[in-house]
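Participant: The sequence isn't on hand, but the structure is:
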């Protein structure tokens, strides 16, 4: 069983919440979201917001706060092999009320189908809020080009 080591990132100005499934090995090592260099999350959101690509963890933290984005993952703990979402078992979900009770979140987005599946199974009925599924920014989602991801993810600006 692996515990999620990264605290949620949000403040009282956060308007949208982006949820992944569970942090990759690289993200757990970096102690921040989307830490794998091949994950396209940071390239996508930088393009969507027409902002500079944030390279360091402090720059990434500032980017999210500046754009009123809260970030966390659906899963609090699970059994997982490496960083493979398909191997996730024995899930305990994070309590999103930590964020939702403190910030005026207008929309919840999930990054990919695994996050969507876990959200629907473990979280949606507890908080009674729908989530919009966006295509995964993971390098495993090779069917989606960077350009297509940017187009799909542009909805987070509305």
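Facilitator: Looks like it arrived, so ask away. Note that this is a predicted model, so its numbers are computed, not measured.
Participant: which non-adjacent residue is nearest residue 40?
Facilitator: Closest residue in space to residue 40, ignoring its immediate chain neighbours: residue 137 at 4.4 Å, by C-beta to C-beta, 6 or more residues apart in numbering. Any C-beta I mention is one placed from the backbone N, CA and C, and that applies to glycine too.
Participant: Was I right to think that neighbour contacts residue 38?
Facilitator: No - between residue 137 and residue 38 there is no contact under C-beta atoms under 8 Å: 9.7 Å.
Participant: who's more crowded, those two?
Facilitator: Neighbours were counted for residue 137 and for residue 38 using other C-beta atoms under 10 Å; residue 137 has more, 26 against 10.
Participant: ok, now which ones touch the more buried one?
Facilitator: Applying C-beta atoms under 8 Å, 6 or more residues apart in numbering to residue 137 gives the contacts 34, 39, 40, 41, 44, 111, 112, 149, 153.
Participant: how far away is it from residue 76?
Facilitator: 21 Å (C-beta to C-beta, to the nearest Å).
Participant: before we move on, back to that, isn't there a helix covering the residue nearest to residue 40?
Facilitator: No - applying DSSP: H, G, I helix; E, B strand; the rest coil, one finds residue 137 to be coil, outside a helix.
Participant: pLDDT value on it, please?
Facilitator: Note on residue 137: pLDDT of 97.
Participant: I'd like the numbering to begin with 47 instead of 1 from here.
Facilitator: Yep, numbering from 47; the last one is residue 183 now.
Participant: And it, its phi and psi?
Facilitator: Main-chain torsions, residue 183, degrees, to the nearest 10: phi -90, psi 0.
Participant: just residue 83 next, same as before
Facilitator: Dihedral angles (degrees, to the nearest 10) for residue 83: phi -60, psi -20.
Participant: If we ignore the residues flanking it in sequence, what's nearest it?
Facilitator: residue 72 (7.4 Å).
Participant: Going along the chain, name the strands of the protein.
Facilitator: 48-49, 62-66, 115-119, 121-125, 135-139, 153-157, 178-180 (DSSP state E).
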